[in-house]
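[1] kindly return the folded structure for what I paste below:
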Amino acid sequence: MINEETIQFLRLLETNNNREWFNDNKKKFTEAQQNFSDFVQQLIDKVVIWYPSVNGLAPKQCQFRIYRDTRFSKNKLPYKTNFGAAIATNGRKTAEAGFYFHLKPGGESFLCGGRWMPTPAHLKAIRQEIDYNLEEFRGIVESKNFNKYFDKLYGEEVKTAPKGYKKDHVGIEFIKKKSFLGMYKLKDADLVKGNLLNKIDDVFQQALPLVNFLNRAVDGVEP
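    Residues are numbered from 1 along each chain as shown. Next up, the predicted model:
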């Protein structure tokens, strides 16, 4: 489970996002990071049962660094104020659809299943797959199982129709997207419940048909 101390560390980091405070509290960070890593391992052990693609994946391959790259950003705060992990083929370096857990107190924790910002080649392939198999895709994202946790398909959209598609295309609501995600928000109270691991596992399972569809679309296509 996620410890209260881990959540408290992230809360404190939100208001003390500087190197001096971080260095003074390095032990708390190490303990929080280890707690999150242990949880990610438990999550991998759950997911691998029904998604063998993550077999052999280690938590360190999934977890994102807490250190921000500020070189090209106006925001010069040195640290992220969340822990994040991608449960997918090749972990955080995946070029496929998969699953993501974002831990951030303050009601900003969430779960995702799908594909965020695919490469132009993969985006083109996904749009084509949706075009060719629209009813199948619609059936996935409007299914009872998907809608158990996901109220809609999330993702940024182009302003008009993508090249090669008409504005009145019957599937334009999906084809316009640049990301294809089911998103489920977690409350702070959810984070310390004993059933959190099983809850995340169930949420991810409801996104599996979407993940499989998106990965089928890019099978054999170079990123």
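
[2] the closest residue to Pro209 other than its chain neighbours in helix, strand or coil?
    Computed as Cβ to Cβ, 6 or more residues apart in numbering, the closest residue to Pro209 that is not its neighbour in sequence is Ile140, at 4.7 Å. All C-beta atoms are positioned from the backbone trio N, CA, C, and that covers glycine. Classification of Ile140 by DSSP: H, G, I helix; E, B strand; the rest coil places it in helix.

[3] surely Ile140 meets Ala207?
    No: contact between Ile140 and Ala207 fails when scored by Cβ atoms under 8 Å: they sit 9.5 Å apart.

[4] what about the helices in this structure?
    Ranges of helices in the chain, per DSSP state H, are 4-15, 19-24, 26-50, 59-62, 120-132, 134-141, 172-175, 188-191, 196-218.

[5] distance of the residue nearest to Leu153 when sequence neighbours are not counted from Gly113?
    Spatial nearest neighbour of Leu153, chain neighbours left out: Val141 (4.8 Å); criterion: Cβ to Cβ, 6+ apart. Val141 sits 11 Å away from Gly113, going by Cβ to Cβ, to the nearest Å.

[6] who's more crowded, those two?
    Applying other Cβ atoms under 10 Å to Val141 and Gly113 shows that Gly113 carries more neighbours, namely 28 against 20.

[7] for the nearest residue to the more buried one once chain neighbours are set aside, give me its contacts.
    Leaving aside its sequence neighbours, Gly113 sits nearest to Ala207 (Cβ to Cβ, 6+ apart; 2.3 Å). Ala207 makes contact with 99, 112-114, 146, 150, 182 under the criterion Cβ atoms under 8 Å, 6 or more residues apart in numbering.
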